[in-house]
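# need a structure here:
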Amino acid sequence: MEDSVDIKSIEQKTLLVLEDYQGSNNYILKLKQQHAVNPKFVPTRAQCDYVIGFNKTEPKVAKKWVEIDSYFAKKLVDDNPFIKEPDKIYVEKLLVEKDKSYHIWGKIFSGDTIHDFWIPKTAIHKAKTRTANVDWDKYTHRPPLEHQKECIIKLLENDKYIVADDMGLGKTTSTVISAIESDAKKILVICPASLKINWKREIALYTDESTYIVESKNWEDGHKYYIVNYDIMKNFHEPKSKESILMKQNFDLVVIDEAHYISNPQAQRTKIINDLVKSVERLWLLTGTPMTSRPMNYYNLLNLIESPVAANWMAYAIRYCAGYQFSVGKRKVWNVTGASNLEELRDRTSRHVIRRLKTEVLDLPEKIITPIYQRLSSRLYEELMGEYYDWYVNKKDESKSLTIQFSKLTKVRQVIAEEKIATTIEVAENIIEQGKKVIIFSNFTEPLQKIHEHFKKQSVYLDGSTSKPARQKAVDDFQENEKIKVFCGNIKAAGVGLTLTAAECVIMNDLSFLPSDHAQAEDRAYRYGQKNNVLVYYPLFENTLEMAIYDILSRKKQIIGTVMGDMNESETDVVEQILKEISNR
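You can find the predicted model right below:
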């Protein structure tokens, strides 16, 4: 009886509000009109709650078409199979905003009459979009490929975006051109330490704007491009601090390379970047492994670019991570290590992400050579090179012998090979994360053994001392065993005669003096039976012996042909040129 009295009381209150209402909420005005023409009109409980709760809320006039999430659009089509899938809705007014939804006065199709409807907040595509027009003639000296042009347009059209292309598709080049075309005044590139020089070199290929590589705790003002690695960002920002160096820079574009490094929300680097990008207008994330091992690792990236699918952590965890809670003592803990509804997740994120595999891209060369430039800081290397130059100057008779010169520089090359182990392992681990196998070559036993020891049971090993049965077993295991991800081979012993087409990536930890060695080694993966493009990585230290070797080779045929051995001169001639280059330096 009391409930009935309460309901009548609410209905009467609602009718009084409607009679006195002078606002601009079209839905409430519609109810007011119904009451005016029908004295017996009785509002529903939901209408009563709405009128009483929102009669003093002033609607916001929008008068614009707003992009909607593709997943929501498909749901509309599922519920109304005779309509075409919309990509926008027209919002005349935003009548009411609730925690998870909007009440809209507008229409879904241009031919509709304007009416009220509710829409989930996650259905609204909030990211800014722009019109992109690029004069490709400006880049004829190093023109982007067709698939790179598509990526450039996507970046320019979207302030916040993820480039999740497979490795080897030229994400760096696409992003550099996009940054130039964006007219951003101040740009920050965050990347692993091993890629900093690569970024600087790539930028220099397209613009002479000032580029600064941030090292240690040093920071300089006055540059357009800043390149910083993840590990030293803590030197310039404390999480939650508003007074840090990074927060004061006012970057209008931030590029995060290998963005899967910030998939863990508890990591310090993630917290720093999350703080930094809150006020940044444009944010582009680059990664070949957006989801790494599970969908929850994708969440932070989607959240950073303001994808609607990441608007609610719990909903994401339950829907896409098969998430559930369980008790640990008196605490409730979430398990989000699973995966569920992955096709839906792909569909819902397709507007914010571009993802192409090498097998899908038609304009790629069949073999892609990628140098990875670094800086070498080694006292031992400097001492050995000093000894070499002293010998070269003071022992004129001996130094005329290429054989003696070659042997004198072997220790130097060994030092370089040792120093590059960390980079080689980092590149290999990134390849493995993407579900691919990798071959690693070295001229020297010790670095090769250290790499093999790092990967343990995930790798096989082959050098000159390997017996024939063990040699064949290493090849068979690599080709056939899914658990074996890395083939560690001496460039002489393993670089000839083997078929290792299970790999589509090769890393040359250190360079041979002989171009034919590299041609043979690369082609262990690039041979009959290989169905994918092959990526070959060359870690290189700037201003070192190996850069002299590399420069000679690249000048002949930009390394891709020279290293394959496409030369009319003998190997002795090449060695002589390399040694002369070293001596001149």
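# so what secondary structure elements neighbour the strand or helix carrying L156?
In this structure, L156 sits in helix 146-157 according to DSSP states H and E. Other helices and strands packing on helix 146-157, by 3 or more CB pairs under 8 Å, 6 or more residues apart in numbering; DSSP states H and E, are strand 160-163, helix 171-181, strand 353-354. Where you see a C-beta, it was placed from the backbone N, CA and C, and this is true even at glycine.
# Okay, helices next: where are they in the stretch 301-450 of the chain?
For the stretch 301-450 of the chain, the helices defined by DSSP state H, counting those that start in this stretch occupy 313-320, 342-349, 379-394, 396-399, 402-408, 410-419, 421-433, 445-455.
# closest to L195 out of the ones you listed?
helix 421-433 (9.5 Å; CB to CB).
# Just tell me which of the helices of the stretch 301-450 of the chain ends up closest to Y261.
Closest to Y261 of the helices of the stretch 301-450 of the chain is helix 421-433 (CB to CB; 9.9 Å).
# relative orientation of the closest one and helix 410-419 in degrees?
40 degrees (axes from the mean of the first three to the mean of the last three CA atoms, to 10 degrees).
# I'd like the average pLDDT over helix 421-433.
Helix 421-433 shows a mean pLDDT of 94.
# Equivalent analysis for stretch 206-216, please.
For stretch 206-216, the per-residue pLDDT averages 94.
# Using PDB, write out the CA atom coordinates for it.
Output of stretch 206-216 as PDB, limited to C-alpha atoms (Å, rounded to 0.1, in the frame of the first residue of the first chain):
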ATOM      1  CA  TYR A 206      64.500  13.500 -44.400                       C
ATOM      2  CA  THR A 207      65.200  16.700 -42.600                       C
ATOM      3  CA  ASP A 208      68.000  18.900 -41.300                       C
ATOM      4  CA  GLU A 209      66.100  19.900 -38.200                       C
ATOM      5  CA  SER A 210      68.000  19.700 -34.900                       C
ATOM      6  CA  THR A 211      68.000  16.300 -33.300                       C
ATOM      7  CA  TYR A 212      69.300  15.600 -29.800                       C
ATOM      8  CA  ILE A 213      70.000  12.100 -28.300                       C
ATOM      9  CA  VAL A 214      69.500  12.300 -24.600                       C
ATOM     10  CA  GLU A 215      72.200  10.500 -22.600                       C
ATOM     11  CA  SER A 216      72.600   9.900 -18.900                       C
END
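# Compile the helices of the stretch 301-450 of the chain into TSV and extend it with columns for mean neighbour count.
Output for the helices of the stretch 301-450 of the chain, formatted as TSV (neighbours: other CB atoms under 10 Å):
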stretch	mean neighbour count
helix 313-320	18
helix 342-349	16
helix 379-394	13
helix 396-399	11
helix 402-408	14
helix 410-419	19
helix 421-433	20
helix 445-455	18
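# and this structure, what are its domains?
2-66+88-123, 136-304, 367-584 (automatic domain parsing).
# any chance of the ones you listed in TSV, plus distance to T349?
Listed next are those as TSV, based on distance: least, CB to CB, whole Å:
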stretch	distance to T349
domain 2-66+88-123	12
domain 136-304	6
domain 367-584	18
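# Among the ones you listed, show the one with the smallest mean pLDDT.
The lowest average pLDDT among the domains of the chain, as it happens, falls on domain 367-584, at a mean of 83.
# in which helix or strand would I find the residue nearest to N235 when sequence neighbours are not counted?
In this structure, N235 finds its nearest non-sequential neighbour in K217, 4.6 Å apart by CB to CB, 6 or more residues apart in numbering. Here K217 is covered by no helix or strand, with elements defined by DSSP H and E.
# distance between the helix holding L156 and the chain's centre?
15 Å (CA atoms, centre = their mean, to the nearest Å).
# quick one, strands of the stretch 1-150 of the chain?
60-67, 88-97, 101-107, 115-120 (DSSP state E, counting those that start in this stretch).
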